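**Q** just to be clear, the model below is a prediction. Sequence and coordinates:
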Amino acid sequence: MLGSRKSADMMSFDAVLANLPPDRREWTGPALARRVTSVAGCPTGGVDTWVKARRASGGHVIALNACEASLGDTPEHILEAAAMACRSSRLQRYTPAAGLPELREAVAASGARQHGVDISAAQVVITSGGKQGVLDALNAVVDPGDEVLIPSPYWPVYPAMVELANGRPVSVPAAMAKGFKVTVDQLDAAVSPRTTAVVLCSPCNPTGVVYTPGELRAIGEWARDEDLWVICDEAYEHLVYDGAVASSLTALAPEVPERCIVLGGVAMAYAMTGWRVGWLIAPSRVARAIEDFQSNATSHAPNVAQAAAVAALEGGMAPVERLRTELDRRRRRLCGALDGLPGVELVEPQGALYAFPSVESYLGGVLGGRLMSTTIELCAALFERAEVATMPGEAFGRLGHLRISFAVPEEDLDEGISRLSRCLGEIAVP
């Protein structure tokens with residue numbers, strides 16, 4: 001268990017926040033491949049490691065960096081399905097690389113119910129979590145040197161995965177004044193002869209933005225005209241608020257599905273982050289190619305977890321609706337508090353688990369003798385001085401913002417907001 005001092009192989013907290021590749025200058029063996037020396041570990045996981053280390057040493061950290069809804073355990077009927085799967089002789093052995101047939105059918109049926117589109121099980125590939133889905137999709141469409149357009153702010157996994165696929169990520173900044181949404185004109189200005197795909201996340205991590213059907217349709221039609229793939233991350237599709245609707249691009253225009261790869265999973269809506277079950281939905285020929293790729297890389301996701309995912313998708317939406325209601329209450333609580341803080345600006349999130357407020361007015365200020373020139377430095381100060389963990393906007397491609405999760409117990413949310421307010425109030429701004 002980690003103590004009060006970081007272990008020798010832990011990066012500094014500032015380095016984790018900055019999403020820097022680890023320093024391997026002391027490596028004395030043969031050279032490592034560039035793909036593993038140039039890509040940093042996911043910063044959200046790095047911060048979580050620091051939170052656990054501080055708590056293990058007796059600290060009382062409020063973890064507003066959370067990437068999962070820590071509001072309860074996985075629903076009981078899902079646990080029961082997993083327990084039964086443990087005793088199944090069939091599931092104790094290898095199963096198809098693309099996933100259990102019953103789970104592929106359940107994913108196809110769920111997509112049809114949610115978005116009214118005709119999906120076959122042959123279009124579905126089950127992955128070991130959402131990150132593998134991203135990597136599978138990018139490896140399917142990116143050749144060395146190809147460019148992938150990524151609206152910013154973004155989940156930091158996207159550019160890292162593009163690089164791991166030997167591609168080049170191209171950030172397309174979405175203005176806060178425009179609700180953190182990119183437009184067709186912006187994408188058109190960023191496209192080049194090497195562009196092969198665009199990544200869309202709606203509802204979005206980290207901003208909580210939800211694109212309207214009209215906005216998605218326009219992007220899909222533009223991608224069709226440019227002959228590009230669209231990789232649609234719909235991991236948060238069930239977590240929307242204030243009447244927002246998470247539309248799927250595949251349902252909006254008849255020509256678009258043939259160039260879409262849709263990513264999803266049970267992690268967020270069913271409190272199953274640790275079960276590591278995701279999926280992708282693609283044209284059948286693409287799904288077959290990804291199945292072949294995955295069969296050589298990891299083969300199938302764990303069978304017990306897949307059986308649990310079947311129970312989640314076939315068990316009705318009542319647990320999801322309860323979670324959504326709880327999250328919405330916390331979302332309103334957080335947004336109301338942030339709106340009351342001087343110098344903080346907010347685009348109210350309509351989906352996902354996070355708010356992404358601007359704290360740019362505090363940059364250039366001094367806290368405890370330390371200059372707050374970046375939000376990385378501000379997050380480090382919040383952690384060290386107030387024991388509240390947030391994520392800096394730089395990790396998501398945007399200086400001057402914090403990502404704050406509202407997927408935490410209400411008492412932690414209230415205490416975290418209080419600590420944040422107190423610390424910001426101590427900053428001497430010139």
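**A** The structure has been received and is ready for your questions. Residues are numbered from 1 along each chain as shown.
**Q** ok, and the closest non-adjacent residue to Cys204?
**A** Ala352 (6.4 Å; Cβ to Cβ, 6 or more residues apart in numbering). For the C-beta atoms, the positions are set from N, CA and C on the backbone; glycine is no exception.
**Q** ramachandran angles for the one you found?
**A** phi 70, psi -150 (degrees, to the nearest 10).
**Q** how about the contacts made by it?
**A** Shown in contact with Ala352 (Cβ atoms under 8 Å, 6 or more residues apart in numbering): Pro203, Cys204, Asn205, Pro206, Thr207, Gly208, Tyr236, Leu239, Met268.
**Q** what's the answer for Pro349, then?
**A** With contact set as Cβ under 8 Å, 6+ apart, Pro349 has these partners: Pro203, Thr207, Gly208, Val209, Tyr241, Arg331, Cys335, Ala355, Phe356.
**Q** let's see 6 Å
**A** Gly208, Ala355 (Cβ atoms under 6 Å, 6 or more residues apart in numbering).
**Q** you'd agree it is in a helix?
**A** No. Pro349 is assigned coil when assessed by DSSP: H, G, I helix; E, B strand; the rest coil, not a helix.
**Q** excluding covalently adjacent residues, which one is nearest to His401?
**A** Gly393 (3.2 Å).
**Q** residue contacts, that neighbour?
**A** When contacts are counted by Cβ under 6 Å, 6+ apart, Gly393 is found next to Thr375, Leu399, Gly400, His401.
**Q** who touches the second one in this structure?
**A** I take that to be Leu399. Leu399 makes contacts with Gly393, as judged by Cβ under 6 Å, 6+ apart.
**Q** same deal with the last one?
**A** In this structure, His401 makes contact with Phe356, Ser358, Gly393, judged by Cβ under 6 Å, 6+ apart.
**Q** backbone phi and psi for it, please?
**A** Torsion angles, degrees, to the nearest 10, at His401: phi -130, psi 160.
**Q** what about the closest residue in space to Ala121 that isn't next to it in sequence, which SS state?
**A** Spatial nearest neighbour of Ala121, excluding adjacent residues (Cβ to Cβ, 6+ apart): Arg104 at 4.1 Å. Secondary structure for Arg104, judged by three-state DSSP, is helix.
**Q** ok, back up a step: and of the contacts of Ala352, the nearest to Val388?
**A** Pro206 (17.0 Å; Cβ to Cβ).
**Q** how many other residues sit next to the closest one?
**A** Pro206: 30 surrounding residues under other Cβ atoms under 10 Å.
**Q** excluding its backbone neighbours, what's nearest it?
**A** Of all residues not flanking Pro206 in the chain, Arg403 sits nearest, at 4.2 Å (Cβ to Cβ, 6+ apart).
**Q** my guess is that neighbour is in a helix, correct?
**A** No. Counting by three-state DSSP, Arg403 falls outside a helix, being strand.
**Q** please tell me how far it sits from Glu226.
**A** Distance of Arg403 to Glu226, given as Cβ to Cβ, to the nearest Å: 31 Å.
**Q** what do you get for Leu413?
**A** Relative to Glu226, Leu413 is positioned 43 Å away (Cβ to Cβ).
**Q** more neighbours: those two, which one.
**A** Ranked by neighbour count (other Cβ under 10 Å), Leu413 and Glu226 place Leu413 first, with 22 against 16.
**Q** element containing the more buried one, please.
**A** With secondary structure defined by DSSP states H and E, Leu413 is part of helix 410-425.
**Q** now do that helix: which elements does it pack against?
**A** strand 62-63, helix 375-386, strand 388-389 (3 or more Cβ pairs under 6 Å, 6 or more residues apart in numbering; DSSP states H and E).
**Q** for those, give me TSV that also has mean pLDDT and mean neighbour count.
**A** Shown next, in TSV, are the helices and strands packed on helix 410-425 (pLDDT from 0 to 100; neighbours: other Cβ atoms under 10 Å):
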stretch	mean pLDDT	mean neighbour count
strand 62-63	93	24
helix 375-386	91	21
strand 388-389	94	24
